[in-house]
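[1] mind looking at a prediction? Sequence and model below.
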Amino acid sequence: MVVTLSRRQAALLALALAAISVALGVFKLARREYPLTAVDALNRTVVVPAKPSKVVSVAPSITEIVFALGAQDRLVGVTSFCDYPPQLKKLVESGKIAVVGGWWDPSLEKIVSLSPDLVLLDSGVGYHAELAKRLEEQGIPAYALKKGVTLNEVYENIRAVGELLGCREKAEELIKSMESRLSWVREKVAGREKAGVMYVLWLNPLSTAGGGTFLSEIAEVAGGYNVFSDMKGWPNPSLEEVLARKPDIIVITAGMMKEKPEDILEKLKGDPVWKLVPAVAEGRVYFISGQAENAFLRPGPRLAEAAELLAKMVHPEAFGVKLPLVIGDDYSRYITQLGGELSYRLWLHVPAVMATAGT
């Protein structure tokens, strides 16, 4: 039986799989000159003979990392789930980058036909382990990155890609830019009362983010705390548990929900339990979809931007802004351009209307 997943379902399943176990191994290099010998997240020894010039990325977050490192000119293949940054679509439509299939079921034959000298895989996807073995049999280097459960694992993945592609300095600069934004957010909300944050990844059945996840970490950065941090992974709490924990802010990932956000909100307000939850009663329920949702859910460079968005939901007075309750593809207009920072968006040369630093 073949099961077809929507993009959002696939993203949420990836998060759930990431929480099942920690990634295996730590990125290790025997030497920093080609040929490179490295141990990947599946504890496989991978040899990269020369600086890769034809790279295939088999996960959206990995594709974003490659672009953020300025190495997009070496991409020859991505999955149908890879949809960011915006210029990627044009590169695919023009035939400069091929689509090798889905995130969960990329085509071995299509990948091999591109004659890549490096394939970057996601250790959080079961089939990718099998794919790595089959690519190895074909003589194609395939490196599996960590699952990106935490911010540190995201940094480790960025470093790994930087090392493999021969752009380690850019990788360190990218990590520094992410850390700078996160530090700036912490400073803006410092000394303010922490607010309880709840993520709603799915409403029926109810699914949220627990502790030990990057979503829980960015809640702390944003001047809040995850009300379900004592539960690990991606739990399914009852409504009574939600009410007992009294979240002040609720962030709903609404990209694939059939109902409109305003209709969902009206249902919550009319529900005998939900209407008693402080976030619902006080009108502090936010809906994220499209690229705003991806910024929160993908373990990549945009997590720093997600932290800033969340901070502006939790402590709008600290930034002098008030975000709309529904945020989608245009989320970048609410991201501050920090003076002197080589940000992810600047790496991509993506124009955006940004707020002014210090607001």
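    The structure has been received and is ready for your questions. Numbering: from 1, shown residues only.

[2] find the nearest non-adjacent residue to Arg74, please.
    Leaving aside its sequence neighbours, Arg74 sits nearest to Val55 (Cβ to Cβ, 6 or more residues apart in numbering; 4.9 Å). Bear in mind the C-beta positions are built from the backbone N, C-alpha and C, glycine included.

[3] now that neighbour: how far from Thr79?
    Val55 sits 13 Å away from Thr79, taking Cβ to Cβ, to the nearest Å as the criterion.

[4] confirm that Ser216 sits in a helix.
    Yes: membership of Ser216 in a helix is supported by DSSP: H, G, I helix; E, B strand; the rest coil.

[5] might you report the residue contacts of it?
    Contact analysis of Ser216 by Cβ atoms under 8 Å, 6 or more residues apart in numbering lists Ala209, Gly210, Asn226, Ser229.

[6] one more pass at 6 Å, please.
    Taking Cβ atoms under 6 Å, 6 or more residues apart in numbering as the contact definition, Ser216 lies against Ala209, Asn226, Ser229.

[7] how far away is it from Tyr34?
    Counting by Cβ to Cβ - Ser216 and Tyr34 are separated by 39 Å.

[8] again, but for Ala129
    25 Å.

[9] thought the residue nearest to Arg74 was touching Gln72?
    No: using Cβ atoms under 6 Å, Val55 is not in contact with Gln72; the gap is 9.3 Å.

[10] more neighbours: the two, which one.
    Val55 (25 against 21; other Cβ atoms under 10 Å).

[11] who does the more buried one form a beta bridge with?
    Taking DSSP bridges, one obtains Leu75, Leu118 as the residues bridged to Val55.

[12] nearest residue to the residue positioned nearest the centre of the chain in space, please, no chain neighbours.
    Residue closest to the average C-alpha location in the chain (Cα atoms, centre = their mean): Arg298, at 1.5 Å. Sequence neighbours aside, Ser61 is the residue nearest to Arg298 in space, at 4.4 Å (criterion: Cβ to Cβ, 6+ apart).

[13] now whichever strand or helix holds the one you found - C-alpha only, PDB.
    Secondary structure from DSSP states H and E places Ser61 in helix 60-68. Extracted as PDB, the C-alpha positions of helix 60-68 are listed here (Å, rounded to 0.1, in the frame of the first residue of the first chain):
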ATOM      1  CA  PRO A  60      13.900  21.100   2.500                       C
ATOM      2  CA  SER A  61      16.000  22.100   5.500                       C
ATOM      3  CA  ILE A  62      19.200  20.900   3.800                       C
ATOM      4  CA  THR A  63      18.300  22.800   0.600                       C
ATOM      5  CA  GLU A  64      17.900  26.000   2.600                       C
ATOM      6  CA  ILE A  65      21.300  25.400   4.300                       C
ATOM      7  CA  VAL A  66      23.000  25.000   0.900                       C
ATOM      8  CA  PHE A  67      21.400  28.200  -0.400                       C
ATOM      9  CA  ALA A  68      22.300  30.000   2.900                       C
END
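
[14] mean confidence for that helix?
    Mean pLDDT, helix 60-68: 97.

[15] for stretch 136-150, same thing?
    Per-residue scores along stretch 136-150 average to 95.

[16] quick one: buried residues of it?
    Judged by neighbour count (16 or more other Cβ atoms under 10 Å), stretch 136-150 contains these buried residues: Ile140, Pro141, Ala142, Tyr143, Ala144, Leu145, Lys146, Lys147, Gly148, Val149, Thr150.

[17] quick check: Gly139 vs Glu259, distance?
    Taking Cβ to Cβ, one finds Gly139 at 50 Å from Glu259.

[18] just checking, what packs against the helix or strand where Ile175 lies?
    Taking DSSP H and E as the criterion, Ile175 maps to helix 168-189. Counting contacts by 3 or more Cβ pairs under 6 Å, 6 or more residues apart in numbering; DSSP states H and E, helix 168-189 packs against helix 151-165, helix 214-221, helix 303-314.

[19] mind listing what's buried along it?
    168, 170-171, 173-175, 177-178, 180-182, 184-185, 188-189.
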